[in-house]
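In: Sharing a sequence plus its predicted fold:
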Number of protein chains: 2
Amino acid sequence: MIKSALQQARSKYSPKLPKALEGGVKTVFGAATQSVSDQEAIAKLFPNTYGLPKLTFEASSEATSGTPINGGVILSGGQAPGGHNVIAGLFDGLKKIHPDSRLYGFLMGPDGLVQHNYIELTADIIDEYRNTGGFDIIGSGRTKLEETAQFDKGLEILKKLDIRALVIIGGDDSNTNAAVLAEYYKSIGAPVQVIGCPKTIDGDLKNEQIETSFGFDTATKVYAEVIGNIQRDCNSARKYWHFIKLMGRSASHIALECALQVQPNVAIISEEVEAKNLTLDDVVTYIAEVVAARAAKGENFGTVLIPEGLIEFIPAFKALIAELNDYLAHHEAEFRAVPADEQRAYVAEHLSAANSALYASLPATVARQLTLDRDPHGNVQVSLIETEKLLAEMVATKLAAWKEEGRFTGKFSPLTHFFGYEGRCAMPSNFDADYCYALGRTAACLIASGVTGYMSSVQNLTAPATEWIAGGIPTTMMMNMERRHGEMKPVIQKALVDLQGKPFAYFVANRAEWAKDTCFIYPGPIQFYGEPELCDQPSRTLSLEQAK
Amino acid sequence: MIKSALQQARSKYSPKLPKALEGGVKTVFGAATQSVSDQEAIAKLFPNTYGLPKLTFEASSEATSGTPINGGVILSGGQAPGGHNVIAGLFDGLKKIHPDSRLYGFLMGPDGLVQHNYIELTADIIDEYRNTGGFDIIGSGRTKLEETAQFDKGLEILKKLDIRALVIIGGDDSNTNAAVLAEYYKSIGAPVQVIGCPKTIDGDLKNEQIETSFGFDTATKVYAEVIGNIQRDCNSARKYWHFIKLMGRSASHIALECALQVQPNVAIISEEVEAKNLTLDDVVTYIAEVVAARAAKGENFGTVLIPEGLIEFIPAFKALIAELNDYLAHHEAEFRAVPADEQRAYVAEHLSAANSALYASLPATVARQLTLDRDPHGNVQVSLIETEKLLAEMVATKLAAWKEEGRFTGKFSPLTHFFGYEGRCAMPSNFDADYCYALGRTAACLIASGVTGYMSSVQNLTAPATEWIAGGIPTTMMMNMERRHGEMKPVIQKALVDLQGKPFAYFVANRAEWAKDTCFIYPGPIQFYGEPELCDQPSRTLSLEQAK
């Protein structure tokens, strides 16, 4: 296997470790906890794992040792940089407890547990993947662990392999399911601990306990690198407006973080669009106004950042998508039989008046996107909708009208981009390499301390890594009750962009200047070697959130 | 102005310099030269600047000094990483000749010379741009310097500013024009030297004298970084085929270099498609066969690299575009009046039978691309044609047919990407930072030696920078006669991918294995600090070309 020079160099990197985890470790139990809301309902649903104490790991003069422990690990959901280091940290942590400990990896996500597909992760394998991006060590998948039958099937293989603890690396849903699994195993007296790890580039798994999910740092740095490069091009050629859509699902954390890193002319934040109840036309008008104001100064160029989930936050669009999802689900075959050229007219005809009007106002390409292949649940796949083209075309239409009125006198040449897959499997930044390795080592400490229904937690993340605080948070502590598919369910609260928070406030305080002037910042590529200011900085979001 | 940590760090970087340029420099004149072909015709067109000797600069114990020289500089055409360092090198070189030398920058390309738009580039300004990407120091533009009236208008401002030498940083066309300008000024006895510098990310300005154009190294490393990240994602999710189009105009150097860096499953090289006279269906079949072979092993994922200019190299497509260009140029208004829904039928009706059939076989989105806004010459803008989507859709159609026949049993989910603007203005790699600075310093030496009609040349580029060889090549030496717009013109030969060359041979020798197996390499982001193997490596193309 041929490896790049950087792959070779990174394989030798030793992640920086919190001081407390270096030598002997002792577990400090805190006070009992409560869920963030709906305490009674959640306590009832988790009789065995509710209200547990928070844990902190501190340095101990006594050497940590014990009997061999077999662990299992699952990667769940979308890729995020650093997943391999969580597994490496877990492996090293288990081996530190006893050299005869073993780690098994279940293949292609939770399905591997249910289907009994696994490999033993030996030192050879682990060493091949240290500090690398991707989830390819064991693969990932989107099967949801929700059914008792799945839990029981999983238990068979866990018992067979004598696995005492299962670590599930995933986002909010996967960690919710991990908590349910922990409760179930505990309730039936199955001797398997379940520990979660907070993963997602989207940044929407965070709260008072989890400062950030892993992968967000690296992914946003990759996006900011290429956006910065585009901005420098934009500022050199002085003739294009770049509309750049960014992954991130519903939440706009990625768009906001990138905006803080690169200072674009425009960044749309879905949560604000929803809070202000803006229409699509409001958003288009806002962008067109920035374009027109810059054109008046002779600057016919700029950048616009657009979060992937935007259109879901525009009430009228949400209604259109909901009706489309519903209609197409019930008329799939009929729709497929309509000739391509007539599909648009067919759809318009079968929608309610309001939705039909919005649908008719959309550019042809976007109208087509809305009726394309949908996900396994029959829903429009938001990431396939080319919102960046939608906005660029609608801004062009509006500016053309303004030109007639003499309200716009410039030129408008838009180009569009979508970044997502470029960042999900990037080599982890030093921050994510360190953070993930610490999360894995912490997971091993949680296993050693015998608990279940906890998430691995590493805090104080804007301090140097040696001062990070490792511990465990009972997963039920982060839960509330939410309606899902018509039923009230206990789930980890998803964190959208906090419109009262410091990162958004900083953005709001500066965006008028960024819109008018050209204040572009060029972050450049992630650097792994050099001064800490260059190589080890956390995200701007985290820095602002934790600023005194 | 807020700068990123890397911007701040890079501003302190001192480019590595060829030993010969460090202290005193002496000019060594070589033998008289000939153009690569059409010697007689070119000698006749360049009576004053044909047949000049090659120059080499060597270290001299005598200090280089002289009288103050005012220089002018122009950035011409598309952005390429390192342009700012050429200017910084030129500035430092002129100041080394005499501290009272001055450098003027003409704004927004050659137009700045003609329109007398310029700024003086002072030390403050230069220091702000050292080792940065972009052309924003003075902007660039695509105006062609071809007319005597432009030359005369330019001469007015050159005289007024007492500019003794003009450095034009551009691609093959701009350097051709620089040679014509040099000849003209010499012929009328105007005391202005004209020196060229080889710029373009496309890599198509290279020959026996110019080992590589600047910017190619950085741009391809940025593309290879994000393609590598996508490959890791691809290999982790195991469910997508990524179709990735890469900038580079006609030549496939960028696609080939990226293929050498990342080892994708498929890379299409336009020059090979043309040489083998392949049809669009041949290309689609080849990709579909790779997809089917991998699917048979259970691997429903992979990557396909596509050069931007591909469809221009497919004879049938070339014919379609030519007829479309011609037809639409003559029926612009008529076409615009056709309702959007009917445009496709309208176009199909007005094309010749063969072209109409090909047009009808294209996916709707691509058919639409072909009739979209065209460039100022009325031509289809190749970079706007979504070849990546065209191929993905056509491969899907073919695989669906094969599925019916039982010849394909897998799944095929394509995703598409286009990378270009992400790399043109990236921070220059150490290689490009060093190479460009050396080109600028060499240009200053050429000015000091009093010559005109030369290109700045730095050779021996796979050796450490200190051993690079600086000199000057008479531009006429790289010329031949070619038909342009119906007339025979002297031009610098454009370098397409050499199908007999070592880089292509390496690719051909390995591509069957890369197609079948998963041999992805993950280059990661450009590193600026660390061991030379990590930070200073030239492109794979250059390394293979110069391999002993």
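Out: All right, it came through fine. Numbering: from 1, shown residues only, chains lettered A, B, ... in the order given.
In: who in the stretch 201-350 of chain A is up against chain B?
Out: A:222, A:225-226, A:228-230, A:232-238, A:240, A:242, A:261, A:263, A:340-341 (CB under 8 Å from any CB of the partner chain). Using the backbone N, CA and C atoms, a C-beta is placed for each residue, glycine as well.
In: mind listing which of the residues you listed are in strands?
Out: Judged by DSSP state E, those include residue A:242 as members of strands.
In: Could you pick out the buried ones from the residues of the stretch 201-350 of chain A next to chain B?
Out: With neighbours counted by 16 or more other CB atoms under 10 Å in any protein chain shown, these contain buried members at A:222, A:225-226, A:228-230, A:232-238, A:240, A:242, A:261, A:263.
In: Let's test this: name the helix or strand in chain A with the lowest mean pLDDT.
Out: For chain A, counting by mean pLDDT, DSSP states H and E, helix A:364-370 ranks last in confidence among helices and strands (a mean of 79).
In: Put the alpha carbons of the helix or strand just after it into CSV.
Out: Of the helices and strands lying after helix A:364-370 in sequence (DSSP states H and E), the nearest is helix A:387-404. Taking C-alpha atoms only, helix A:387-404 is exported to CSV below (Å, rounded to 0.1, in the frame of the first residue of the first chain):
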residue,chain,number,x,y,z
THR,A,387,-30.1,25.5,-2.6
GLU,A,388,-27.0,27.3,-3.7
LYS,A,389,-28.2,27.3,-7.3
LEU,A,390,-31.8,28.1,-6.2
LEU,A,391,-30.6,31.2,-4.4
ALA,A,392,-28.1,32.2,-7.1
GLU,A,393,-30.8,32.0,-9.8
MET,A,394,-33.4,33.8,-7.7
VAL,A,395,-31.0,36.6,-6.8
ALA,A,396,-30.2,37.0,-10.5
THR,A,397,-33.9,37.3,-11.3
LYS,A,398,-34.3,39.9,-8.6
LEU,A,399,-31.3,41.9,-9.7
ALA,A,400,-32.5,41.8,-13.3
ALA,A,401,-35.7,43.4,-12.1
TRP,A,402,-33.8,46.0,-10.1
LYS,A,403,-31.7,46.8,-13.1
GLU,A,404,-34.9,47.7,-15.0
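In: Tell me where the stretch 51-200 of chain A has helices.
Out: Assigned by DSSP state H, counting those that start in this stretch, the stretch 51-200 of chain A shows helices spanning A:83-97, A:110-115, A:123-129, A:148-160, A:172-187.
In: Which residues of the stretch 51-200 of chain A lie near chain B?
Out: Near chain B, when you scan the stretch 51-200 of chain A using CB under 8 Å from any CB, you find A:79, A:108, A:132, A:133, A:134, A:135, A:136, A:139, A:140.
In: Ranking by neighbours, what's the top pick from those residues?
Out: Greatest neighbour count in those, by other CB atoms under 10 Å in any protein chain shown, goes to residue A:133: 34 neighbours.
In: Just the element for the closest residue to that one other than its chain neighbours, please.
Out: Among residues not flanking residue A:133 along the chain, residue A:425 sits closest, at 4.3 Å (CB to CB, 6 or more residues apart in numbering or on different chains). If you go by DSSP H and E, residue A:425 is not part of any helix or strand.
In: Please tell me how far residue A:425 sits from residue B:306.
Out: Per CB to CB, to the nearest Å, residue A:425 is found 21 Å from residue B:306.
In: quick one, what contacts the residue lying closest to residue A:116 once chain neighbours are set aside?
Out: Counting by CB to CB, 6+ apart, residue A:116 lies nearest to residue A:157, which is 4.5 Å off, once chain neighbours are set aside. By CB atoms under 8 Å, 6 or more residues apart in numbering or on different chains, the residues touching residue A:157 are A:113, A:116, A:118, A:163.
In: What is the most widely separated pair among those?
Out: Maximum pairwise distance among those (CB to CB): 11.9 Å, between A:116 and A:163.
In: Pick out whichever of those two has more residues nearby.
Out: When residue A:116 and residue A:163 are compared for neighbours, residue A:163 comes out ahead with 25 against 15, by other CB under 10 Å.
In: Which residues are in contact with the more buried one?
Out: So residue A:163 contacts A:70, A:71, A:72, A:104, A:157, A:192 (CB under 8 Å, 6+ apart).
In: likewise residue A:230?
Out: Counting by CB under 8 Å, 6+ apart, residue A:230 makes contact with A:242, A:244, A:303, A:417, B:421, B:422, B:425.
In: Excluding sequence neighbours, find me the nearest residue to residue A:255.
Out: In space, and not counting its chain neighbours, residue A:255 is closest to residue A:307: 4.0 Å by CB to CB, 6+ apart.
In: Need the phi and psi values for that neighbour.
Out: For residue A:307, the backbone dihedrals (degrees, to the nearest 10) come out as phi -70, psi 140.
In: and the stretch 401-548 of chain A, which of its residues are near chain B?
Out: So the stretch 401-548 of chain A meets chain B at A:415, A:417, A:421-427, A:519, A:521-531, A:533-534, A:537 (CB under 8 Å from any CB).
In: that older thread, so of the contacts of residue A:230, which ones are in helices?
Out: If you go by DSSP state H, the contacts of residue A:230 have nothing in helices.
In: Among those residues, name the ones in strands.
Out: Using DSSP E, these in strands are A:242, A:244, A:303, A:417.
In: Now pLDDT too, for the residues you listed, in JSON lines please.
Out: Compiled in JSON lines, the ones in strands among the contacts of residue A:230 are given as follows (pLDDT from 0 to 100):
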{"residue": "A:242", "pLDDT": "98"}
{"residue": "A:244", "pLDDT": "98"}
{"residue": "A:303", "pLDDT": "98"}
{"residue": "A:417", "pLDDT": "97"}
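In: would a markdown table of those residues with distance to residue A:507 be doable?
Out: Listed next are the ones in strands among the contacts of residue A:230 as a markdown table, based on distance: CB to CB, whole Å:
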| residue | distance to residue A:507 |
| --- | --- |
| A:242 | 19 |
| A:244 | 16 |
| A:303 | 14 |
| A:417 | 21 |
